[in-house]
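> after the sequence you'll find the predicted model.
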Amino acid sequence: MRKGKIHSFQSLGAVDGPGVRLVIFMQGCPYRCPYCHNPDTRAFSGGTEYTADELVEKALRYKTYFDSTGGGVTVSGGEPLCQAGFLAELFEKLHDAGINTALDTAAIKPDENVRRVLENTDTVLCDIKFPDEKRYAEMVGAERENVLEFLKLCDRLGVPTVIRHVVVPGMTDTEENVLEIKRLADSVLSSVKIELLPFKKLCEEKYKAMGITFPLEDTLECKDETIERLNRLIK
């Protein structure tokens, strides 16, 4: 029986998709975003193995909250699509149980397993890290075109998709940068919603506990007024 590697859970989350949600953080991520808030999920070793049925059973404990708020289960990470075969099975079983599904992802090059995931996904929350290919490769270790190909598949399958972008002072906080993110999203999605997320440093303790350096430890947090200004620009 197929099993997935799970890092942790957050019960009754309210910022990772509609309504109240159970958030499942999967273990393993190939990317190295400079502002990563979950460095403890990066390693592909570790985590606790669960079957899809075990996770559905856990989710059903919260179904009253899901049903009353329009919530459900969000799978995050790490990069959940690195376990796309398992995730496809999990989302199918969650749908069979009448539970709404959301995928929080930085995207990978889509294949048949990714398509199967999306066929049972109610909402995609997809990060676009940088608008240009060079910074994507140098600072994330990913190919921007794979992200755009993934988003095109979301659009073809009609999956409601929210683009997320972290606003980091001195790195991604210019009007030009944010407008380019919007242009990219408009180029691959027929309907676009963009969420600008302010860079915060709540993750610093995780880096210290792991004995590794937080790449942006000297960077200021993003102010709320910056987000408000950039939101007005794109809306």
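Right, received. Where do you want to start?

> after the longest strand seen in the chain, heading C-terminal, what element do we hit next?
Determined from DSSP state E, the single longest strand within the chain is strand 3-13. Downstream of strand 3-13, the next assigned helix or strand under DSSP states H and E is strand 21-26.

> give me the sheet partners of that following strand and which way each runs.
Within its sheet, strand 21-26 is paired with strand 3-13 (antiparallel), strand 72-76 (parallel), according to DSSP bridges.

> any weak-confidence spans in this protein?
Low-confidence segments of the chain (pLDDT under 70): none present.

> just the strands in it please.
Under DSSP E, the chain gives strands at 3-13, 21-26, 48-51, 72-76, 100-105, 123-127, 161-167, 193-198.

> so which of those strands is nearest His37?
Closest approach to His37 among the strands of the chain is made by strand 161-167 (9.2 Å; Cβ to Cβ). For the C-beta atoms, the positions are set from N, CA and C on the backbone; glycine is no exception.

> got a list of contacts for that closest one?
Contacts to strand 161-167, defined as Cβ atoms under 8 Å, 6 or more residues apart in numbering, come from residues 35, 123-129, 151, 154-155, 172-173, 178, 181, 185, 189, 191-199, 222, 226-227, 230.

> can you state the direction angle for it and strand 193-198?
Calculated by axes from the mean of the first three to the mean of the last three Cα atoms, to 10 degrees, strand 161-167 forms an angle of 20 degrees with strand 193-198.

> next one: strand 161-167 to chain centre, how far?
Put simply, strand 161-167 sits 9 Å off its chain's centre (Cα atoms, centre = their mean, to the nearest Å).

> hmm, who's touching the longest strand of the chain?
Contacts of strand 3-13 (Cβ under 8 Å, 6+ apart): 20-28, 38, 40-41, 44, 46-52, 55, 58, 62, 65, 74, 77-78, 83, 86-87, 90.

> and the contacts of strand 161-167, which are buried?
Neighbour counting by 16 or more other Cβ atoms under 10 Å classes 35, 123-129, 151, 154-155, 172-173, 178, 181, 185, 189, 192, 194, 196, 198-199, 222, 226-227, 230 among the contacts of strand 161-167 as buried.

> so what's Tyr65 up against?
Counting by Cβ under 8 Å, 6+ apart, Tyr65 touches 12, 20, 71.

> distance check, the last one against Val147.
Right, the one you point to is Gly71. To Val147, Gly71 is 27 Å away according to Cβ to Cβ, to the nearest Å.

> go on, Leu87?
Separation of Leu87 from Val147 (Cβ to Cβ): 18 Å.

> just Tyr65 next, same as before
From Tyr65 over to Val147 the distance is 32 Å, taken as Cβ to Cβ.

> again with Gly77
According to Cβ to Cβ, Gly77 stands 15 Å off from Val147.

> now swap in Val192 and tell me
Val192 is 14 Å from Val147, by Cβ to Cβ.

> do Leu12 as well
Separation of Leu12 from Val147 (Cβ to Cβ): 30 Å.
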